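Colleague: Provide a 3D model corresponding to the input given below.
(2 chains)
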Amino acid sequence: AQSVAQPEDQVNVAEGNPLTVKCTYSVSGNPYLFWYVQYPNRGLQFLLKYITGDNLVKGSYGFEAEFNKSQTSFHLKKPSALVSDSALYFCAVRDGGYSSASKIIFGSGTRLSIRP
Amino acid sequence: DGGITQSPKYLFRKEGQNVTLSCEQNLNHDAMYWYRQDPGQGLRLIYYSQIVNDFQKGDIAEGYSVSREKKESFPLTVTSAQKNPTAFYLCASSATLLGNTIYFGEGSWLTVV
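Modeller: This is a model prediction of the structure:
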């Protein structure tokens, strides 16, 4: 069965410092991996995805994520945090098969707080 | 602009009443989804549909119903059988059920009073 874990409920970073939001996953086949961001009372916005190819994926707002197959991880990173990055971040995974039972599974979310 | 429109943004319901949340997309996506999000929590899948006139139960379908009469529309009815309906409801769509990216609407808050 597919699963995804975000081990940190909250991450606190000072503005200008690098940030990392962690995500690990479990799928039976090749993973499709996604990151989304949610601001208060809003829907989820797509940031980036990994399907295949280069392990370092670049996305919106200066975010990037690194796919690590051996560690089954897909951590979200940004070299220099902004106060406006403060939000709730979700990792999601789906296996790359073609079964109708294959659905996207979302993690529990990590609240990122950037202090000025 | 292309996107997913949910309405209303805020809805209040008395106990025992059914309410319907609207979701319309103009992205020409085949697959549509409804998720529930409780405060501070993750997303739970209620129903999904991959083609018109077909839909499947998700993880928490009890107390909810949907229809998919048009490709663009996937309304969700929260029935009186749903014991704890107060939550944030998110509609989403993707090109296909097994397609890549899911895109979300802005959400609807339902409060039972």
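
Colleague: Output the set of residues of chain B in proximity to chain A.
Modeller: Chain B has residues B:4, B:6, B:41-43, B:45, B:48, B:50, B:88, B:90, B:92, B:97-98, B:100-107, B:109 near chain A, with proximity defined as Cβ under 8 Å from any Cβ of the partner chain. Where you see a C-beta, it was placed from the backbone N, CA and C, and this is true even at glycine.

Colleague: which of those are buried?
Modeller: B:4, B:6, B:42-43, B:45, B:48, B:50, B:88, B:90, B:92, B:97-98, B:101-107 (16 or more other Cβ atoms under 10 Å in any protein chain shown).

Colleague: What about those residues, which are in strands?
Modeller: Under the assignment DSSP state E, those contribute B:4, B:6, B:43, B:45, B:48, B:50, B:88, B:90, B:92, B:103-104 to strands.

Colleague: Could you tell me what pLDDT the model assigned to the residue in chain B that chain A sits nearest to?
Modeller: Closest contact between chain B and chain A, by Cβ to the nearest Cβ, is at residue B:104 (3.8 Å). Note on residue B:104: pLDDT of 96.

Colleague: I'd say it and residue B:94 touch.
Modeller: No - the criterion here is Cβ atoms under 8 Å, and residue B:104 misses it with residue B:94 at 10.2 Å.

Colleague: just to revisit the earlier point, just the ones in strands among the buried ones among the residues of chain B next to chain A: which has the poorest pLDDT?
Modeller: Among these, residue B:50 has the lowest pLDDT, at 88.

Colleague: In this structure that residue contacts residue B:30, no?
Modeller: Yes - judged on Cβ under 8 Å, residue B:50 makes contact with residue B:30 at a distance of 6.1 Å.

Colleague: residues contacting the residue in chain A that chain B sits nearest to?
Modeller: At 3.8 Å from chain B, residue A:43 is the closest residue in chain A, using Cβ to the nearest Cβ. Listed by Cβ atoms under 8 Å, 6 or more residues apart in numbering or on different chains, the contact set of residue A:43 reads B:4, B:6, B:90, B:92, B:104-107.

Colleague: if I look at it, how far off is residue A:77?
Modeller: According to Cβ to Cβ, to the nearest Å, residue A:43 and residue A:77 sit 23 Å apart.

Colleague: And the closest residue in space to the residue of chain B closest to chain A that isn't next to it in sequence, its phi and psi?
Modeller: Take residue B:104 and drop its neighbours on the chain: the residue closest to it by Cβ to Cβ, 6 or more residues apart in numbering or on different chains is residue A:43, 3.8 Å away. Here is the backbone geometry of residue A:43 (degrees, to the nearest 10): phi -80, psi 180.
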